[in-house]
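Q: Starting from these lines, generate the structure:
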Amino acid sequence: MIEKVNPSHPDKVADRIAGAIVDLAYLKDENPKIAVEVLIGHGVCHIICESSVSFEEEEVDKIVKRIAGDLKLDLVVVKQDPSLASNQVGKIRCGDNGIFKGVPLKEEDIKLSKIAHDIYDIYKSDGKYILDGDKLIICQSNALEDDLRKLYPNAIINPLGYWTGGTNVDTGATNRKLGSDMADSVTGGGLHGKDLTKADVSINIYVFKKARELGKVVKLSCAIGDELVDGKEYSLIVEEAREYINKIGGFEKFAEWGLY
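A: Residues are numbered from 1 along each chain as shown. Coordinates of the predicted model:
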């Protein structure tokens, strides 16, 4: 049993905004330290950002408007705590504590991901989907049941009927859809809105990829300041994650669908 939401779900809109701000930080600095939280809904976008680089409000407002529309921006940007910042002086070390479990993808995970992508190719609005054995549940905003029925004749479609979705119907918050982002994998923290030194980003990518390559569950933990994880230099894990993020097009693209 698995759930997938599309990039226009309010929680994913929040993740995408956070990811776009991290992308902006990497344009300003090769190795920024940043953590972004976004709460969005009903005409307002609240953003709190701890960052080693500075932002003009106009830069962030442009991101919000591009992704979410003409919303009122409530922005707070502060410097990272000096004690935390000092952890990265001289060498890349784990930016936080964390627990991680990478789980190989099941056929069901891959199948639902394809269904979600296929529907999103047609409908660019808020949608979420569940696959539980042979039971497929489709909740797709701004879509008629008869039209979806032609594509998925045996699915349960919009049980409450037609709906419009989006951030005027539901609020969105960063890292609230980790089940959709990671399938059965487990993390102690969120994937989105953080720089690569954060274990929640780099080690999650690392264990997810390793679990798929080995075909078995991979479990790891780390402490803030660690220079070795899984017997490997943490800086190398960070560079592997950087390569992965760059390959898919950046942190905003990463936020659209998560790890699969």
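Q: Tell me which residue of this protein is positioned farthest from its centroid.
A: What lies farthest from the middle of the chain is Asp146; by Cα atoms, centre = their mean that is 31.7 Å.
Q: Identify the residues contacting Thr197.
A: Asn31, Lys33, Gln88, Ile92, Arg93, Cys94, Gly95, Val238 (Cβ atoms under 8 Å, 6 or more residues apart in numbering). Heads up, the C-betas are built off the backbone N, CA and C, glycines and all.
Q: Tell me which helix or strand it sits in.
A: Under the criterion DSSP states H and E, no helix or strand holds Thr197.
Q: Least confident secondary structure element in this protein?
A: Using mean pLDDT, DSSP states H and E, helix 82-86 stands out as the lowest-scoring helix or strand of the chain, at a mean of 79.
Q: what comes up buried for that helix?
A: Buried residues in helix 82-86, counted by 16 or more other Cβ atoms under 10 Å: none are found.
Q: rewinding a little: and the gap between the residue farthest from the centre of the chain and Leu160?
A: 16 Å (Cβ to Cβ, to the nearest Å).
Q: what two of the contacts of Thr197 are the furthest from one another?
A: Asn31 and Cys94 (14.4 Å; Cβ to Cβ).
Q: Let me know the pLDDT of the closest residue to Phe55 other than its chain neighbours.
A: Of all residues not flanking Phe55 in the chain, Val77 sits nearest, at 5.7 Å (Cβ to Cβ, 6 or more residues apart in numbering). Looking at Val77, its pLDDT is 97.
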